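1. can't give you the sequence, but here's the structure:
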């Protein structure tokens with residue numbers, strides 16, 4: 001089993017006034033050659049968007065973009081006609097495909113919105129752009145790992161992503177030893193600690209830390225009460 005630990009304080013940071021952003025992987029003006037990506041996971045941004053502010057209309061192509069609100073609400077508009085507001089316990093996926101313009105603006109004029117935005121390289125390039133969002137109530141993931149995104153187009157339980165990739169969330173109210181099993185041989189999983197603390201392979205991973213795990217089929221995660229986790233399993237090449 002191989003691991004890589006990224007501590008919260010070692011992330012890139014940019015404060016634009018209206019946006020306070022932390023970057024696990026190189027993004028915009030922050031470049032760290034040792035933190036470019038984790039396999040097919042290219043971006044993991046931890047953003048706070050001030051009330052009434054947001055990302056104006058801008059383009060993307062050939063990227064799977066998954067947005068996870070932690071607090072507040074974000075309004076989405078795009079060039080394929082999609083309009084939606086996402087809140088805590090909802091997940092948004094946009095396949096940029098052949099190209100799409102979109103904007104993401106705080107839906108509140110006064111309260112900040114806190115979001116995680118992730119980008120995954122697609123399995124198939126130049127697909128037709130698409131947008132989707134779905135609610136995943138917190139009670140469905142208490143003291144367990146809940147799969148929310150998968151490559152299974154037919155699943156009614158998960159959202160589809162154009163990659164051999166699985167996103168999961170967990171909310172733990174008790175101390176727990178859980179076993180994570182890879183869905184696909186050759187994949188790795190990146191675990192981001194939203195709140196709380198875990199231990200993986202003897203490594204303490206604290207709030208806003210991330211740890212990547214690969215070259216293993218399954219492994220244990222020790223979790224303390226009050227821990228919130230995001231797990232992103234991706235092909236490593």
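-> Ah, there it is. No experiment lies behind these values; they were computed from the predicted model shown.
2. domain map for this structure?
-> Taking automatic domain parsing as the reference, the chain has its domains at 12-135, 138-235.
3. who's in contact with the residue nearest in space to the middle of the chain?
-> Geometric centre of the chain, nearest residue: residue 118, 4.4 Å, by C-alpha atoms, centre = their mean. Residues near residue 118 by C-beta atoms under 8 Å, 6 or more residues apart in numbering: 41, 43, 44, 45, 65, 66, 67, 68, 232. Bear in mind the C-beta positions are built from the backbone N, C-alpha and C, glycine included.
4. hmm, residue 114 and the fourth one touching each other?
-> No: under the criterion of C-beta atoms under 8 Å, residue 45 lies out of contact with residue 114, with a separation of 11.3 Å.
5. more crowded one of the two?
-> In terms of neighbours (other C-beta atoms under 10 Å), residue 45 is the more surrounded of residue 45 and residue 114; the figures are 21 against 18.
6. now the more buried one: closest residue in space that isn't a chain neighbour?
-> Among residues not flanking residue 45 along the chain, residue 117 sits closest, at 4.7 Å (C-beta to C-beta, 6 or more residues apart in numbering).
7. so for the helix or strand containing the one you found, what's the average pLDDT?
-> In the assignment (DSSP states H and E), residue 117 maps to strand 113-120. In this model, strand 113-120 has an average pLDDT of 98.
8. buried residues in it?
-> For strand 113-120, a neighbour-count test (16 or more other C-beta atoms under 10 Å) marks 113, 114, 115, 116, 117, 118, 119, 120 as buried.
9. could you do stretch 120-129 as well?
-> Of the residues in stretch 120-129, 120, 121, 122, 129 count as buried by neighbour count, 16+ other C-beta under 10 Å.
10. got these as TSV, with distance to residue 19 columns?
-> Output for the buried residues of stretch 120-129, formatted as TSV (distance: C-beta to C-beta, whole Å):
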residue	distance to residue 19
120	22
121	24
122	26
129	24
